Structures are given as C-alpha cells and as structure tokens.
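> mind looking at a prediction? Sequence and model below.
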Amino acid sequence: MTISIDSSASVPGGANSVAVTRQSRFALDALTFFLADVQDGLGPYLAIYLTTMRRWPPSDVGIAMAAVVIGTLLAQLPAGAFIDATRRKRLAVTVAAGVVATCCVAMINFPQLPVIVVAQTLIGAAAAVLPPAVAGISLGLVGRKSFTRRKGRNEAFNHGGNVAAAILAGILGTYLGYAAIFYLVAGMAMASGISAMLIRENEIDHERARESASSQPAEGFSFLRSGQLLCFLAAMFLFHFANAAMLPLVGQKVSIGQADSAAALMSACIIVAQIVMVPVALAAAWGANRWSPKAVFVVAFAVLPIRGLLYTYSSNSAFLIAVQLLDGIGAGIYGVVGVLMVADLAKGTGRFNSALASMALVAGMGAAASNVAAGLIAESFGYNAAFNSLAIVSAAGLAWFHFAVSNQAGPLSDRRSAPQLRDPN
C-alpha cells in the first residue's frame, strides 16, 4: 500500500509528488524501534556497572555520566542546523548510530576513566543528531498534515523498542553479566543504521523536512528571539528540571541493600513506564488534533507533582515501581506533543530541526540541573526532600506553562481541515 503525498505541502521549486512506499514506512517504524535504546546510550546501566562491577567512586561515576550530557549540549544546536541544511539525513543517522555502537564496544573492553569520558562525550554528540534527523525524515516523508499521526506512531514504536531493550537488558545483565548490555546497545545501533538506509531517499522532501516556505536556505537564527518560543523553552526547562532526576532517585532508592538485583529493578522501573508510553503516545497525537497540543501537554505537567509526592509515601520496591506508571504519561505526551508545538512555532522559518534542537538543548540543561540539585538535596536531607523539591518545581512549571505559553491555534486549524489521506502514516 502506498500513500498520497499532501500536495499542499509542496513548496515553490521543490514540488514533491513522490508517493511514500511501504518499504519506507516500515523502515521508519524499524528505525524508531531500534533507536529506542541507542539515543540515550547505556543510560543508568552504565552507572550501575561502574559502581557495582568496577568499584568506581561516586565522583568518577558522576564525571562519566556528566560527559554524555556535555557532549549532547555542545552538539545540539550545530546538529539541528546541520540537519536543516543537509540532504543526507539517512546517512547522518547511520553515522551517529555507528559512533554509539563503537563507543559501547570500546567502553566494555577498555573501562578506564579517559576512555569512558571520551566515549560518553561522543555518544552524547551522536545522540544530538538522532532526534532532529528522525523528525526531519518523518516530516519530509508524510508532510505537515499527517505529521501528528506519524509522530504518534514513531513514539509508539520507540517506546515499544524501549520495553524490548529493557527486558533484554534485565535478562542479559542478570544471567550473562553487564558486558552483554553493552553489546545489546551496539547491536541495536547497527540495526537502526541499516533501517535508516532502507528509507528511500527520493521520497523525502527536504524543504518540507525543515518547515521551509521556499527552497532558499534558511536565514540565521533570528527565530530564537521569538517571545513565544522563549516562553515555551522556559517551560521545557522546568519540565525536565522536575522530571529528569526522579527515575535515577527511584533507582537508587529501590536498589538500597539489593545490589545483586539492581539491574533487574532498574529495568522494571523503565519497563512499566515504557509500556504506558505506547498507548499514551497514540492518544496524545489524537488529543492534539482533537483539542490542542497545549491542552494535552497540561496533563503531562499535572502528573509530575503527583508522582513526586507519591514517591515519598513508601520505600517498598513494588510501590515505587508502580508509581513509575505515571512517568509513562508525562514522557509519552512530551515525546509527541513537544515536537508538534515546536513544528507550530517554527512554521515557515525553514529552521524546524534547529528549533527542535533548541528544545532538546534546554531539556538537557534542565535534566543536568535536575540531577545535580536533586543529588545534593538527597545527600544532605534524604530522598523524600529531593522528591518534594522536584514536586514544587513541577507545580511552578505547570503554572508557567498554563499562563505564559500560548496555544498555536492557527496550524492546528490547518490540521483539522486537512483532507483525509489514504494512509497518513
């Protein structure tokens, strides 16, 4: 089955009447599935491996974990601008995935601090390329009017991949050792690179992929001075400041006195949230079209303070893992609606991928600040104080988002009036 490209999305000098084939559609599904465990690298599993198996002191583990954040922050805006400019988006994904795979293999075979820091920095830089590249490929394939549903589908496959990867990581880490987790991520990276190259290049409209109104190169970064965009970015900073440290804190809390089962417990925390994210991502795409992206995002903000307060009620592992279900609601909505709101704000600028990178940049800054602040509070006053602090930040973020961020009604109306396509995904 093929789908008809939305002719209204064609641009002067860049008309695209090429239909999207089943091969490209399924290859994009596979790409988002395999990228699930690649774009975040080894994540919390690396911290557990270095602490429990290599006996690294907390300060060295902190340096290793910070390196990936620094790499991402430094590369974020250049990566977005590069994706806006290049017509080799598939190759960019494949190269970035290859870097992640190589670094994973290097870290397990040479677990010295300099190697880990360099590898983590490169993984962070590679990860900065992946989200804008996949978003650009998706938008270039299906067009603006079908982008909401395509983004929901991407996120559903992505979260499904996260569930599969977390289950495999828990099993492999428990029965074969942590080295198997490193090779698992490397294998998924290679599979994602192959999937990207199976998407047919001639079906990607690169002008549409950057939200350009013409085939001319985009002008500078003046769009970053937009008051609406800045208010939205501030809200995203608060969202990630409140959210990012919750999972690591829960992982530390449930692992106290249970070092042998730490990997399995962390996998359980990730899996329950990812299972919820699959239907939430699909529902968020539907809700954004039915009401508005902002109305749906309010729900994501609203569950954060509830989640933070619930973590303080008990130290029981089963209860804490159950509360992680709420993480699936917030993260599932963010993955879909955050991108849609950026697309609305960047409409006609030709800088969609750069704007997306700016959102990822402030998200990374918020996440880094969250982990540092929550870690200090937890060390000085305990885990409950840290969770309460994050809950207060999330309540402030909800108020800011509700009153300061405007609803982009125009583009949403365009989507509502879009003609029905044979298969919008």
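Nice, I can see it. Residues are numbered from 1 along each chain as shown.

> walk me through the domains of the chain.
Per the TED database, the structural domains of the chain span 23-210, 222-407.

> so where is this structure shaky, pLDDT-wise?
Under the criterion pLDDT under 70, the flagged ranges of the chain are 1-18, 37-43, 58-59, 212-224, 255-263, 407-425.

> return the residues in contact with the most centrally placed residue in it.
Centroid check for the chain by Cα atoms, centre = their mean gives Gly335 as the closest residue, at 6.1 Å. With contacts defined as Cβ atoms under 8 Å, 6 or more residues apart in numbering, Gly335 is in contact with Glu155, Asn158, His159, Met277, Ala281, Ala284. Using the backbone N, CA and C atoms, a C-beta is placed for each residue, glycine as well.

> Ile83 too?
Contacts of Ile83 (Cβ under 8 Å, 6+ apart): Lys89, Ala92, Val129, Pro132, Ala133, Gly136, Arg210, Asn353, Ala357.

> now with 10 Å?
89, 92-93, 128-137, 206, 209-210, 352-354, 356-357 (Cβ atoms under 10 Å, 6 or more residues apart in numbering).

> list the buried residues of whichever strand or helix holds it.
Of the helices and strands defined by DSSP states H and E, Ile83 is found in helix 58-85. For helix 58-85, the neighbour count (16 or more other Cβ atoms under 10 Å) marks 61, 63-73, 75-77, 79-84 as buried.

> could you do stretch 340-349 as well?
Leu340, Met341, Val342, Ala343, Asp344, Leu345, Ala346, Lys347, Thr349.

> pretty sure the third one contacts Ala363?
No. Taking contacts as Cβ atoms under 10 Å, Val342 lies outside contact range of Ala363: 11.2 Å.

> quick one: common contacting residues for these two?
The contact lists of Val342 and Ala363 share Leu233, Met236, where a contact means Cβ under 10 Å, 6+ apart.

> what's the distance between Thr174 and Phe352?
Separation of Thr174 from Phe352 (Cβ to Cβ, to the nearest Å) stands at 42 Å.

> which one of those two has more residues nearby?
Per other Cβ atoms under 10 Å, whichever of Thr174 and Phe352 has more neighbours is Phe352, with 30 against 15.

> apart from its neighbours in sequence, what residue is nearest that one?
Glu211 (3.7 Å; Cβ to Cβ, 6 or more residues apart in numbering).

> what's the answer for Ile108, then?
Phe182 (4.0 Å).

> wait, the one you found sits on Cys104?
Yes. With contact defined as Cβ under 10 Å, Phe182 reaches Cys104; the gap is 4.7 Å.

> now Tyr45: which helix or strand?
helix 44-52.

> remind me what that helix packs against, helices and strands.
Counting contacts by 3 or more Cβ pairs under 10 Å, 6 or more residues apart in numbering; DSSP states H and E, helix 44-52 is packed against helix 58-85, helix 89-109, helix 113-142, helix 147-175, helix 179-198, helix 246-255, helix 262-290.

> ranking the ones you listed by burial, who's on top?
Counting by mean count of other Cβ atoms under 10 Å, helix 113-142 has the highest mean neighbour count of the helices and strands packed on helix 44-52, with a mean of 24.

> am I right that Arg87 sits in a helix?
No. Looking at Arg87 with DSSP: H, G, I helix; E, B strand; the rest coil, it is coil, so not inside a helix.

> give me phi/psi at the closest residue to it other than its chain neighbours?
Nearest residue to Arg87 in three dimensions, chain neighbours excluded: His206, at 5.0 Å (Cβ to Cβ, 6+ apart). Note on His206: its backbone torsions stand at phi -70, psi -20 [degrees, to the nearest 10].

> just to check, His206 is in contact with Gly140?
Yes. Under the criterion of Cβ under 10 Å, His206 makes contact with Gly140 at 5.8 Å.

> on that earlier part again, same list, the helices and strands packed on helix 44-52, but as JSON lines with distance to Asn384 please.
Output for the helices and strands packed on helix 44-52, formatted as JSON lines (distance: least, Cβ to Cβ, whole Å):
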{"stretch": "helix 58-85", "distance to Asn384": "20"}
{"stretch": "helix 89-109", "distance to Asn384": "34"}
{"stretch": "helix 113-142", "distance to Asn384": "30"}
{"stretch": "helix 147-175", "distance to Asn384": "26"}
{"stretch": "helix 179-198", "distance to Asn384": "31"}
{"stretch": "helix 246-255", "distance to Asn384": "10"}
{"stretch": "helix 262-290", "distance to Asn384": "18"}
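
> closest to Arg225 out of those helices?
Evaluated with Cβ to Cβ, the helices and strands packed on helix 44-52 place helix 58-85 nearest to Arg225, the distance being 14.4 Å.

> the helices in the stretch 251-400 of the chain, which residues?
Ranges of helices in the stretch 251-400 of the chain, per DSSP state H, counting those that start in this stretch, are 262-290, 293-310, 317-323, 325-333, 339-345, 352-381, 383-404.
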